[in-house]
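Colleague: Predicted structure and sequence below. I'll ask about it afterward.
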Amino acid sequence: MIALDFDSRPRPADFTQPESLAALVRELRPDAIVNAAAHTAVDKAESEPDLARAINATAPAVLAREAAALGAWLVHYSTDYVFDGSGSAPRDETASTAPLSVYGRTKLEAEQAIAASGCRHLVLRTSWVYAARGGNFAKTMLRLAAERDALNVIDDQVGAPTGAELLADVTAQALPRAMANPALGGLYHCAAGGETSWHGYARHVIERARAAGTPVKVAADAVRPIPTAQYPTPAARPLNSRLDTRKLRGAFGLVLPPWQQGVDRMLDEILAR
Ligand SMILES: NC(=O)c1ccc[n+]([C@@H]2O[C@H](COP(=O)([O-])OP(=O)(O)OC[C@H]3O[C@@H](n4cnc5c(N)ncnc54)[C@H](OP(=O)(O)O)[C@@H]3O)[C@@H](O)[C@H]2O)c1
């Protein structure tokens with residue numbers, strides 16, 4: 001197994017130059033490609049759609065084409081932003097897509113290109129991803145909670161915060177099984193169990209920090225819920241990000257832990273620093 005470090009400079013290939021990826025795949029001839037690269041700056045993507053499309057749609061399409069030619073597997077991560085977020089029911093893999101943003105549209109184009117390429121693939125649609133490394137919503141809330149007396153946080157977008165570690169674990173479990181049984185390939189929803197709003201997520205993070213003895217200025221009742229309409233952004237977000245994960249759990253016999261479990265583990269790691 002080879003892990004290419006796309007954080008290094010120069011990068012081993014550039015997703016804005018999709019044919020450089022083709023050359024890399026032809027050189028390495030992998031059995032499987034796991035692609036987590038994307039243009040994830042959802043608001044910025046609205047003003048740079050060509051760049052977002054190159055990274056989010058064209059590059060994965062090239063990876064899929066090359067994987068098909070090689071007989072390799074492609075694992076690719078997609079998003080609940082392919083949906084419009086109407087209603088309140090969790091969506092399964094058969095639900096109609098209707099992205100609200102450039103990011104969502106370009107991620108959907110990748111899904112469609114991968115399916116059309118004929119390559120063997122696992123596409124995992126996930127939501128609200130975080131990791132201890134790099135920036136994330138919880139770290140932003142901890143910083144603001146230490147600085148401010150009050151916080152306003154959106155409470156009408158609902159989903160499940162999902163750790164990068166959980167996605168890695170699911171990938172490590174599912175990929176070998178799919179390679180042994182190609183009928184398992186396809187599109188799956190993959191998110192932690194349960195649901196919350198950004199407001200619920202923020203409160204959880206702040207209470208956990210307080211309990212751990214971390215300095216917190218904001219009072220518990222000063223973390224105020226606000227509707228999305230009071231926090232306008234260039235890109236519209238789905239209100240309902242609930243993903244129905246039954247297909248994934250059933251196909252691979254997986255248990256997806258409640259979202260709090262991974263968030264608490266991430267908090268333990270960052271609060272200990
Ligand atoms: N974050 C979420 O809430 C969320 C939700 C659903 C699905 N997803 C999906 O999950 C996957 C991982 O997301 P993430 O949040 O971990 O994203 P992220 O932190 O923004 O990481 C994306 C990676 O792609 C790399 N990248 C960007 N442009 C590139 C280029 N031109 N060439 C090579 N590499 C490039 C970035 O490198 P640099 O840092 O050096 O730019 C970064 O390492 C993506 O497919 C995303 O669409 C994320």
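Modeller: Sure, I can see it. Residues are numbered from 1 along each chain as shown.
Colleague: for the ligand, what are the nearby residues on the protein?
Modeller: 6-7, 11, 14-16, 36-40, 55, 77, 79, 107, 126-129, 134 (CB under 6 Å from any ligand atom). The way it works is simple: take the backbone N, C-alpha and C, and place the C-beta from them, glycine included.
Colleague: of those, buried ones?
Modeller: Buried members of the residues of the chain next to the ligand, counted by 16 or more other CB atoms under 10 Å: 14-15, 37-39, 55, 77, 79, 107, 126-129.
Colleague: Lowest pLDDT pick from those residues?
Modeller: Among these, Asp14 carries the weakest pLDDT, at 88.
Colleague: Hmm, that residue is touching Ser20, no?
Modeller: Yes: the pair Asp14 / Ser20 is scored as a contact, 5.4 Å apart, by CB atoms under 8 Å.
Colleague: Which strands border the strand or helix carrying Arg224, and is each parallel or antiparallel?
Modeller: Arg224 is part of strand 223-226, with elements assigned from DSSP states H and E. When pairing is defined by DSSP bridges, strand 223-226 lines up against strand 151-154 (parallel).
Colleague: Now do the buried residues in the strand it pairs with.
Modeller: For strand 151-154, a neighbour-count test (16+ other CB under 10 Å) marks Leu151, Val153, Ile154 as buried.
Colleague: now the strand holding Arg224: mean pLDDT?
Modeller: pLDDT averaged over strand 223-226 gives 95.
Colleague: Following the chain past that strand, name the next helix or strand.
Modeller: Heading C-terminal from strand 223-226 (DSSP H and E), you reach helix 246-252.
Colleague: Spatially nearest residue to Val205, not counting backbone neighbours?
Modeller: Spatial nearest neighbour of Val205, excluding adjacent residues (CB to CB, 6 or more residues apart in numbering): Ala138 at 4.6 Å.
Colleague: Check Ala61 too.
Modeller: Ala113 (3.6 Å).
Colleague: Quick check: next helix or strand after whatever helix or strand that neighbour lives in?
Modeller: Assigned by DSSP H and E, Ala113 belongs to helix 102-117. The C-terminal neighbour of helix 102-117 among helices and strands, as given by DSSP H and E, is strand 120-126.
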